[in-house]
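Visitor: Fold the following, please.
(one chain, ligands or ions: 1)
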Amino acid sequence: MSEIIVAGAGHGGLVTAIKLAAAGHKVTVYDKQKKGEYYLDQRDSFEAGSMEYAGIEIPEHYRAKSNSLTFVPVGEGTPALTLPAKEGSETLTVERKELHEYLLSLAENAGAQIVYETAIDSPVVLGSRIAGIRTDKGTFYADLVIDACGMNSPVRSNLPAFAMIEKAPAHFDVLHTYRAYFENIKDAPRPETDYNLYLFNDGTEGLMWLVTDENYTDALIARFGETAYNELAPHLHTLSLRNPQMGTKLLRGGYFVDIPVRQPLAVLVADGYAAVGDSAFMTYSLKGSGIAYSIRAGTMLANAVLADETGFFTAETLWEYEKQFFREIGFGACRIAIAKNFLPYVTAEEVDRMFSTGLISSEELEAFSEGRLETVIKGRFFSTLKSKLQILGEMPELRSKLLTIVSNIGRFAAVEPSFPNKFERADVEKWAEKYNGFFNSIRRSDTEESGILTTD
Ligand SMILES: Cc1cc2nc3c(=O)[nH]c(=O)nc-3n(C[C@H](O)[C@H](O)[C@H](O)COP(=O)(O)OP(=O)(O)OC[C@H]3O[C@@H](n4cnc5c(N)ncnc54)[C@H](O)[C@@H]3O)c2cc1C
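Guide: Just a heads-up that it's a prediction; the model follows:
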C-alpha cells in the first residue's frame, strides 16, 4: 500500500482517487474549498463515453438532449451554420457542484480521505523527487503527488526546472470568461436555434454564446486578455439584441473565470508526480471543455499507478500514463490546438465571408472544430479546393491564414514521431523542446497585431 496525495479535487484527480483507494492505497485529497461548497455556479455538458470509460455509473438525470451548436455570423442575411447532430455520441449535462459532490462521495466510499479548507502552496522536492506538498495546514509527504489543482496549480508552477514541465500558460492560451444566467422571457420572440455561438465584431479577439433553456438563458463571453466588468456591456447588449428572450435579471453566476485553451503539457510526469486535468491543460482547446478529457486521463493515470508494483512511481513508470494519454487524446488535442490558433487572428467579417460564400460547410466546420483536420483535408474540402481558392482569391489575408493552418498541421506531423516510447531523460528533453518550440512558433504573441499568421 502506498501513500498518495491528490492535490486539489479536480475531476481527473478524483477519478484517480476512486480507483487507487478502491485498490487499497492510502489516498488523501486536499482541497482549499469548504465541504459542500463549490466555486463555480453553473451547468456543464460533457461526453457520456468518458464516464463509461472510467467505469463510473451515470445517474440517469445527467443524460440530456444533445444541443447542436450554431455559428451565428455578424452580417445580416448571412446564413447561420448549425453543426450536424452527432450520431452515437451522448452528452451529459449536470450541475457542476453536483458532479463534484458525486465524484467526492465515490472517492470517500472507496476509502479516500478528503481534507477540505487546505490551501496548497507548493510541492516538496527532495533530490529529483516530488515528495509531498506544502499547505497552509502543514507539510504532507507521500509516495506520489497527483496534481489536480487546475490551470493555476501551485504544484506545477513551483516544480524545479529539471522536471521539464511548463510552469504557466501564455496570453493566447487562456480565455478569460464571464458566465451568467439570466431569465428567459418566455413570451419574447426567440431565434430558431437554442445554442448560438457568436464571434466578436469589434476587432477584439473572443467569442460568446447564448444557450436558451426552458428556465434561463445562459450567457458566456470569452476573451483572450483581461476583461473588466465595464467592458462586458456592449457584448451583453449584442447578445440581447439578437436574443430578445434574454432578460436582464441575473439568476445566478455572473463571475469571471479563466479557461485554458491550448495543447496539453509536453511532459505530464516526474519522479513522484503526475499532472491531470486542467493542471496539465487537458481542455478541448476550441471550447475549453475539459471534464471528459480529465475523467479519461484520471483513469489512465490510475492504471499506470496500479501497474507499478514497485511503488516507486518514477517518471519511467508514470510515462505509461503519458503515452496512453497522448495516443488516445493528446495528439488529437494538439491538432485542435493548432486549429484554435486561428481564432485570435480571424475576424468576424472573415467568418461571415466563409459562411456566405459557401467556403466552409457545416460538416467541415464540425471536423475543423474537433481537430479532425484529416477529414477536412481528405474530404470534399480539397476536391473542391480549386473553386474554394477562387473564392479565397478575393480574400488574400484569409487565404494566407487558412493555408498557414494546413501547413502547421503538416509541420506538427513531423513533431509527433519524436514522442519517446520510454522515459529516457535525453529523449524526453528533446521531445519537450521540439513540442514546445513548435507551439511557441505558431502561437500569436500578446503584442502582435491581428493579421497574417507567421511561422518560423
Ligand atoms: C466557465 C467555464 C465553463 C466550462 N464549461 C465546461 C463544459 O461545459 N464542459 C466541460 O467539459 N468543461 C467545461 N469547462 C472546463 C472544466 O471546468 C475543466 O476543464 C475541468 O473541470 C477540468 O479541470 P480540473 O477538474 O482539472 O480543475 P478544476 O476544475 O480547476 O479543479 C481544481 C480543483 O483544485 C482546487 N484547488 C485549486 N487550487 C488549489 C490550491 N492552491 N489548494 C487547494 N486546492 C486547490 C480547486 O478548489 C478545485 O476543486 C468550463 C470551465 C469554465 C471556467
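
Visitor: for this protein, longest helix please?
Guide: When the chain is parsed with DSSP state H, its longest helix is helix 396-415.

Visitor: That one - contacts with which helices or strands?
Guide: Here helix 396-415 is seen to pack against helix 331-340, helix 348-356, helix 373-378, helix 385-393, helix 425-442 when contacts are counted using 3 or more Cβ pairs under 8 Å, 6 or more residues apart in numbering; DSSP states H and E. From N, CA and C alone the C-beta is placed, and that goes for glycine too.

Visitor: got the residues of this protein near the ligand?
Guide: Contact residues of the chain with respect to the ligand, defined by Cβ under 6 Å from any ligand atom, are listed as 8-12, 30-33, 39, 44-46, 119-120, 148-150, 154, 177, 179, 257, 259, 277-279, 283, 288-292, 294.

Visitor: Filter these down to the buried ones, ChimeraX style.
Guide: Remark: buried members of those, expressed as a ChimeraX selection using 16 or more other Cβ atoms under 10 Å:
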select :8,9,10,11,12,30,31,44,45,46,120,148,149,150,154,177,179,257,259,277,278,279,283,288,289,290,291,292,294
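
Visitor: Can you name the residues that contact the spatially most central residue of the chain?
Guide: The residue at the geometric middle of the chain, judged as the C-alpha nearest the mean C-alpha position with Cα atoms, centre = their mean, is residue 283 (1.6 Å). Listed by Cβ atoms under 8 Å, 6 or more residues apart in numbering, the contact partners of residue 283 are 259-262, 289-290, 293.

Visitor: Could you report the pLDDT at it?
Guide: At residue 283 the predicted local distance difference test score is 89.

Visitor: all helices for the protein, in order.
Guide: 11-22, 48-54, 96-110, 233-242, 291-307, 315-325, 331-340, 348-356, 362-369, 373-378, 380-383, 385-393, 396-415, 425-442.

Visitor: Can you say which of those helices is packed in most?
Guide: Between the helices of the chain, helix 11-22 has the highest mean count of neighbours, a mean of 29, where neighbours are mean count of other Cβ atoms under 10 Å.

Visitor: Check which helices and strands it sits against.
Guide: Applying 3+ Cβ pairs under 8 Å, 6+ apart, one finds that helix 11-22 contacts strand 3-7, strand 26-30, helix 96-110, strand 144-147, helix 291-307.

Visitor: Any chance of CSV for the ones you listed, columns mean pLDDT?
Guide: Formatted as CSV, the entries for the helices and strands packed on helix 11-22 read as follows, by pLDDT from 0 to 100:
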stretch, mean pLDDT
strand 3-7, 98
strand 26-30, 98
helix 96-110, 97
strand 144-147, 98
helix 291-307, 98
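
Visitor: now for the ones you listed, which one comes closest to residue 81?
Guide: Closest approach to residue 81 among these is made by helix 291-307 (23.9 Å; Cβ to Cβ).

Visitor: Now do that closest one: distance to the chain's middle.
Guide: Computed by Cα atoms, centre = their mean, to the nearest Å, the chain-centroid distance of helix 291-307 equals 16 Å.

Visitor: now swap in stretch 411-423 and tell me
Guide: Shown here is stretch 411-423, whose average C-alpha point lies 22 Å from the average C-alpha point of the whole chain (Cα atoms, centre = their mean).

Visitor: Need the residues that contact that stretch.
Guide: With contact meaning Cβ under 8 Å, 6+ apart, stretch 411-423 is reached by 269, 314-316, 318-319, 323, 326, 331, 334-335, 338, 427-428, 430-431, 434-435, 438, 455.

Visitor: could I get that stretch in PDB with only the CA atoms?
Guide: Once side chains and other backbone atoms are set aside, the C-alpha atoms of stretch 411-423 remain, and they are given as PDB (Å, rounded to 0.1, in the frame of the first residue of the first chain):
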ATOM      1  CA  ARG A 411       4.700  20.600 -39.600                       C
ATOM      2  CA  PHE A 412       3.200  19.000 -36.500                       C
ATOM      3  CA  ALA A 413       3.200  15.600 -38.200                       C
ATOM      4  CA  ALA A 414       7.000  15.900 -38.100                       C
ATOM      5  CA  VAL A 415       7.000  16.600 -34.300                       C
ATOM      6  CA  GLU A 416       4.700  13.700 -33.400                       C
ATOM      7  CA  PRO A 417       7.200  10.800 -34.100                       C
ATOM      8  CA  SER A 418       9.700  12.300 -31.700                       C
ATOM      9  CA  PHE A 419       7.400  11.300 -28.800                       C
ATOM     10  CA  PRO A 420       9.500   8.900 -26.800                       C
ATOM     11  CA  ASN A 421       8.300   5.400 -26.200                       C
ATOM     12  CA  LYS A 422      10.200   5.200 -22.900                       C
ATOM     13  CA  PHE A 423      11.200   7.900 -20.400                       C
END
